[in-house]
Structure formats: C-alpha cells, structure tokens
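J.: Model the following, please.
(chains A and B)
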There are 2 protein chains.
Amino acid sequence: MSTGEFSIIERFFTLRRNRKDVVVGVGDDGAVLAVPTGHHLVVSTDTLVSGTHFFPDIDPEKLAFKTVAVNLSDLAAMGAEPAWMTLAITLPEIDEDWLDEFAKGLEYASDYYGVSLVGGDTTRGPLSLTVTIHGTVPEGRSLRRDGAKIGDWIYVTGALGDSGAGLQALYAKETGAQWQPFIDRHLTPKPRLAAGIALRGIATAAMDLSDGLSSDLGHILEASGVGAQIELERVPLNPTLIELVGREQALQHALSSGEDYELLFMVSDSDNGALSTMMAETGNQAICIGQVVAGNSITYRQDSEVMSVASTGYNHFEELQ
Amino acid sequence: MSTGEFSIIERFFTLRRNRKDVVVGVGDDGAVLAVPTGHHLVVSTDTLVSGTHFFPDIDPEKLAFKTVAVNLSDLAAMGAEPAWMTLAITLPEIDEDWLDEFAKGLEYASDYYGVSLVGGDTTRGPLSLTVTIHGTVPEGRSLRRDGAKIGDWIYVTGALGDSGAGLQALYAKETGAQWQPFIDRHLTPKPRLAAGIALRGIATAAMDLSDGLSSDLGHILEASGVGAQIELERVPLNPTLIELVGREQALQHALSSGEDYELLFMVSDSDNGALSTMMAETGNQAICIGQVVAGNSITYRQDSEVMSVASTGYNHFEELQ
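T.: Sure, this is the predicted structure:
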C-alpha cells in the first residue's frame, strides 16, 4: 500500500493541526464537525482542472494555495468565517516531489486562513482538484446575491484587472519583472474574508469577482431583479497596469478577465455611513463604482456618456483565450 | 450563456425540492444550511473518474445514482442521516441528452434519500464527478473506525461479492440474464443508511465495504490497534453467485473485489443482545463473521483451519484488473 490512496491521504493530509471543532478528522469514513450554536453552515465547491484553470507546469505549492483561496473567496462573498475543507484530488501518477510541494502550499493556506482539511479522496486520472469549503455565519447574517435594491450604491473592494493581466503575461511568456506583481496576483489571489465578515448587516447583496465585473454583476442583478449604472472612470485600476497596457486594456481586463477575487457588493444609501465607519475601524477598503437602478441590464458611463462594453466574462465552456 | 456553466447548473440542478433546512440553495456563492441543535455535521467526499471508476459508456442515470449512493454509504458508516450534497462535475462537452439522463438519476437519488443538492461547479475536461455529502448525527453518537476492542463480534450487513461479480461480468461483456442482478448490484448500490443510524450506541466501530472485506477490515484494525479472526464459512455469499462461479471465486470476490457498500461493524459481547433486539425491531439484518482478537493482522479460518488469503483490496493506483 506504499503508493496507495490511503497512504497518500494519510501521509500528506493528516499531519496538520486540526481546529478544536473537528471531532473526527481525516482517516474515517467521514469527518465529524461541530457548528457553533446560533450559526449556519456555509458550503461551496470549486474544481480546478489542469489546462482549463491552470497551466500543467504550474508550481504545485502555488496551485494548492490558489485552490484553497478561490474557495475561501466564496465564503468571503457569503460573509462566512472559514472552518473546514475537503479535497478531492485526481492525479495521473504519484510524483512524490510534486505532492510534497503541493502539501506545503496546502498547509500554508490551511494555517494562514485557519481552515482544517477534514477529508479527501485521491483518484487516478487527469490532474484536477475539487475543494469543498465549509464556513460558519451567525444565523440570518449571511450575504446573498438577491438583496440589491434600486438606489443601492455599488462597491468593489480593490483594483480590478490585475489578475487578468497576469494571466495574459503567463500566456505571452512575459519574463520582465514588471509583470511579476500581476502574475503573482493571478497565481496567489487573496480572498477578502475580513471584508466579507465586516459587511454582515451592511451589504444588501454581495458576491466575489471570479469571472469579470460585467459577468458577475449580471448575476447579482438577475438574482435581485434590478439593473445597474456603472461609472467607468470610478472602476479602480492599478496605476502600474495602466502604465503597462494603457487605460483601455486595463479597463477591459477589469470588466472581462476575471479571477480578481475582490468582493462586489451593494449598500443602501442609509447604510453608506455605516460602511464608512466600518472601513475606518477595520481597515477594509472599498470603492463606489455606480448605483443600482430599475431594469435588468448594466449601463456603463464614461464621464457621463453611455458606453458600449462587450460583456463577455470568462466561461469554461468557451475556448480559452 | 445558453451553454455556459451557470445555465447548466441552474437548469439541471435548481429545480429540485429543497429540504426545509436549506436557507440558501444553489445559485449563490455558497449554500447556507441549518444543522439541528445538538447535532454534529458529518462530511465525506468521493470522486468517480471515467475509465477508472466507471465505463465511459455507462448509463448516465445509473452513474448519477451511484455517485450519490457511494457517498451516502460513507454517511451510513458514520451513523449519520443524509442532508445535503454538492456536485462538482467535469464534462468534456455539453451533451444535453446525457445531462438530462444524469439529472434524472440525480433527482431520483436526491428524492429517495432525502438529500438536497445545494451547490455545484461545472468545468470542462475529462469526465469526472466529485460529490461532497453532508449529514448530521446527534453529538457523540457517530460511528467510528477506531473503537473496536478485543472480544468484539464482527458483523456485515449483507451478502458480499455480488458487486465484484457484476463488475467482472461487465468486463467480460456477459449478456446472460443470470448476470443482471450482479451488474445491477454493481451499478446501483444501496447504502445501508437505516442500519448505520440503528447501530448508533450499539456498534463499537464501523465502516462501509468499498474496497473488499480484507482491505477494509484492515483499516478498522489499524485504527483500533487490534487484530481479527474471520470464519470464512460464515462470510455471507449469494447462493446464486456460488452456483454461477463456485464457492471459492465467490469468496474471493467477497474478500477482495469491493464496492458491496455493506456495513462492516463490531459489537461488544455485552451489546450482542441489543443488536438482536434492534434487528428484530427495525428489520435490519447482520451476520457475525468473526471476532476481534489481540494483534494487528487478520487470521482467516475455514472449518477451524487457518487459511492463507491474498489481501489485495481495490487500489485506484494499481492497474484496473
């Protein structure tokens, strides 16, 4: 059994420190977990497939970190606190060096974000990773997509487009040091967990930006039955990115490239003060980029003029660009 | 977006009836779920990969059912009641007929076992399915692998080897009607959920038989730090299987083929009466096949003579047989 699935799971995945709310961890038929009283469980799942979501030669340590981070970003969007995760990993072969590096990244993310790995499955096949992440949120306090109301202000938690520029740099095999921050942003996204938790009771709706602003905003609008007006000059862009690729291309990345993993959220006019107070007290930042309006579509404006914007977010069933 | 991942998930996966404890279901960044007070959450995850765990031309309705069933079997082994699941599905292409059939099987399993689909991810790539299943168990009442004690009696909940014989028939492309019950047993396993729940407070240790008795029993023994003596003549075999392949081959399937998804469990001598009462009251059945002994290995005996048995369970990193 030295290369069997039980030994892989045990060797790589059971030496971690478990949270105190893990009653039974890896190694049984299932994990037994204690959700705190007065809290709901929040669950989300994401798959990353080699060649679709990452380059086959990706640094396994970074891959592990990113797999956890993109799942945590969903918890952030729900206002949940991370607790536990399971990992289903499909591998074409046993490469111990690869697995050692992967385990290192997993352990780092697990420790950094306080999320215990409580179960897993290892199977043979083309490389892919599915994490199911679990968090908790006080009852009735989760952030949702369907609460945006006409008149709400629309915010994002940080500069958009950097990750898309990083992906483009990876495709173009750019080696210049000026691209590294963008590549880093693409490979090691930072989920906005603190912002999500701080937005409980303030945001009327929220989601994380995984597919590009135009595509993701569309989901909130559809769920909430409203439209939006976005002021393009307010969309936060990294000044360095503008220098590198020009403002138009930077904006295109922000709207369509995805994987920024910032939060997009709405706040009622009456809670705008509460948002400012929260930001001042917690150090979280957000930028207002527009307003919720009647209708079911997005109007983009630049210096008060209506603009046409191609609203093609990332879609895994289209060809990779 | 007509063939995009959002529409697939929504079209196939949101029309189901949700349990009342689903606060937010499919369609947001995460599901929000209410674990009953005084209960622990039980989580398990299993991946099925095309070509490794099922034939690529498998009936998609049966595939969906089996994917849910093998995950539910892990809940059964923990004594948990099913509640929710997430499904990460990787597809090489959009085949609407295939997806319709798959959705039918998923809905059937979901309704039959009372488990709501609360989240999913759809990605492009070689066909594979990862279900993460969630159940609940009263605090402190979950079944575990590490509680077997010397002197405990060893039980299984039903005849072993049928699924392995069914798989062999599929490989051999057997078309005779006599093989159909075994093929059915392989394709549509029935998780022993009722038995698992009834065994709370009675079994000292339990797991489900997915890799064959000899391999799976080894895991309980290792977790519990004990050995076992198995009386081969007591291992329950299907009389029809014995007629078809002979007793020796039937026993070999029982010990090594796996995928029977019966429960293997231990009961202390003093709780043997409680087990009999439970079986009489609930209609659950179990057969005693041996006893826990000191040591760390399995001794097989046939008519009081010690036998040698190849203890090779199914291992996904070995070649398919």
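J.: Point me to the residue sitting closest to the centre of chain A.
T.: A:Ser73 (3.3 Å; Cα atoms, centre = their mean).
J.: Surely it and A:Pro191 touch.
T.: Yes. With contact defined as Cβ atoms under 8 Å, A:Ser73 and A:Pro191 form a contacting pair (4.0 Å). No exception for glycine: its C-beta is placed from N, CA and C like everyone else's.
J.: that older thread, can you read off the pLDDT for the residue nearest to the centre of chain A?
T.: The confidence metric pLDDT takes the value 98 at A:Ser73.
J.: so what's it up against?
T.: A:189, A:191-192, A:208, A:210, A:261 (Cβ atoms under 8 Å, 6 or more residues apart in numbering or on different chains).
J.: re the thing from before, can you pull the residues that touch both of A:Ser73 and A:Pro191?
T.: A:208, A:261.
J.: which residues sit against stretch A:189-200?
T.: Outside stretch A:189-200, the residues that touch it by Cβ under 8 Å, 6+ apart are A:66, A:69-70, A:72-73, A:75-82, A:113, A:137-138, A:141-143, A:157-158, A:163, A:206, A:208, A:259-263, A:265, A:278, A:282, A:284, A:286.
J.: before we move on, the earlier item: which stretch of helix or strand covers the residue nearest to the centre of chain A?
T.: Here A:Ser73, judged by DSSP states H and E, is contained in helix A:60-78.
J.: from the chain's centre, how far out does that helix sit?
T.: Between the centre of helix A:60-78 and the centre of its chain there are 6 Å (Cα atoms, centre = their mean, to the nearest Å).
J.: Now it: buried residues?
T.: A:60-78 (16 or more other Cβ atoms under 10 Å in any protein chain shown).
J.: and if you look at stretch A:18-34?
T.: Going by neighbour count (16+ other Cβ under 10 Å), the buried part of stretch A:18-34 is A:18-19, A:21-34.
J.: and if you look at stretch A:34-48?
T.: So, applying 16+ other Cβ under 10 Å, buried residues of stretch A:34-48: A:34-35, A:39-48.
J.: Same question for stretch A:241-261.
T.: Buried-residue list, stretch A:241-261, by 16+ other Cβ under 10 Å: A:241, A:244-245, A:249-261.
J.: Roughly how far does the nearest residue to A:Glu93 once chain neighbours are set aside sit from B:Asp208?
T.: Using Cβ to Cβ, 6 or more residues apart in numbering or on different chains and skipping residues adjacent in sequence, the residue nearest A:Glu93 is A:Arg124, 7.8 Å away. Per Cβ to Cβ, to the nearest Å, A:Arg124 is found 21 Å from B:Asp208.
J.: Neighbour count: the two, which is higher?
T.: Set A:Arg124 next to B:Asp208 and count neighbours by other Cβ atoms under 10 Å in any protein chain shown: B:Asp208 wins out with 27 against 20.
J.: List the beta-bridge partners for the more buried one.
T.: With DSSP bridges as the criterion, B:Asp208 is bridged to B:Leu263.
J.: ok, now A:Ile298?
T.: Residues in beta-bridge contact with A:Ile298 (DSSP bridges): A:Ala228.
J.: which residues touch it?
T.: A:214, A:217-218, A:221, A:227-230, A:309, A:311.
J.: let's see 10 Å
T.: Residues near A:Ile298 by Cβ atoms under 10 Å, 6 or more residues apart in numbering or on different chains: A:213-214, A:217-218, A:221, A:227-230, A:255, A:290, A:309, A:311.
J.: Farthest pair within the residues you listed?
T.: Using Cβ to Cβ, the pair of these lying farthest apart is A:Gly227 and A:Leu255, separated by 16.3 Å.
J.: Quickly note the distance from A:Lys173 to A:Ala254.
T.: 23 Å.
J.: Give the next helix or strand downstream of the helix or strand of chain A with the lowest mean pLDDT.
T.: Counting by mean pLDDT, DSSP states H and E, the weakest-scoring helix or strand in chain A turns out to be helix A:5-13, with a mean of 60. Next helix or strand after helix A:5-13 toward the C-terminus (DSSP H and E): strand A:22-24.
J.: helices or strands up against that next one?
T.: strand A:31-33, strand A:116-124, strand B:39-49 (3 or more Cβ pairs under 10 Å, 6 or more residues apart in numbering or on different chains; DSSP states H and E).
J.: change it to 8 Å
T.: If you count contacts as 3 or more Cβ pairs under 8 Å, 6 or more residues apart in numbering or on different chains; DSSP states H and E, strand A:22-24 packs onto strand A:31-33.
J.: Quickly run through the sheet partners of the strand it packs on, with directions.
T.: strand A:22-24 (antiparallel), strand B:39-49 (antiparallel).
J.: what about the first one, average pLDDT?
T.: So the one you mean is strand A:22-24. What strand A:22-24 shows for mean pLDDT is 94.
J.: Low-confidence bits of the stretch 151-300 of chain A, can you list those?
T.: By pLDDT under 70, the stretch 151-300 of chain A contains no weakly predicted segment.
J.: Grab the nearest non-local neighbour of the residue of it found nearest chain B.
T.: Closest residue of the stretch 151-300 of chain A to chain B, Cβ to the nearest Cβ: A:Met207 (5.4 Å). Among residues not flanking A:Met207 along the chain, A:Ala77 sits closest, at 4.8 Å (Cβ to Cβ, 6+ apart).
J.: before we move on, what about A:Gly290?
T.: Closest to A:Gly290 by Cβ to Cβ, 6+ apart is A:Ile230, at 4.0 Å.
J.: Can you classify the one you found by secondary structure?
T.: strand (DSSP: H, G, I helix; E, B strand; the rest coil).
J.: and it, what does it touch?
T.: A:154, A:213, A:217, A:289-290, A:298-301.
J.: Show me which of those residues is closest to A:Glu93.
T.: For those, the nearest to A:Glu93 is A:Leu213 (39.4 Å; Cβ to Cβ).
J.: any idea how far the closest one is from A:Arg234?
T.: When A:Leu213 is compared with A:Arg234 (using Cβ to Cβ), they lie 12 Å apart.
J.: and A:Leu160, that one's in a helix?
T.: No. Checked against three-state DSSP, A:Leu160 lies outside a helix; its state is coil.
J.: so what's the residue nearest to it when sequence neighbours are not counted up against?
T.: Closest residue to A:Leu160 apart from its sequence neighbours, by Cβ to Cβ, 6+ apart: A:Ala254 at 3.6 Å. A:Ala254 sits next to A:159-161, A:164, A:212-213, A:235, A:237, A:260 when contact means Cβ under 8 Å, 6+ apart.
J.: Equivalent analysis for A:Asn284, please.
T.: Each residue near A:Asn284 by Cβ under 8 Å, 6+ apart is listed here: A:157, A:192, A:194-195, A:198, A:278.
J.: mind listing which of the residues you listed are in helices?
T.: Secondary-structure check on those using DSSP state H: residues within helices are A:194-195, A:198, A:278.
J.: want to throw those into CSV with neighbour count and distance to A:Ala148?
T.: Formatted as CSV, those follow (neighbours: other Cβ atoms under 10 Å in any protein chain shown; distance: Cβ to Cβ, whole Å):
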residue, neighbour count, distance to A:Ala148
A:Ala194, 14, 22
A:Ala195, 26, 17
A:Ala198, 20, 19
A:Met278, 20, 19
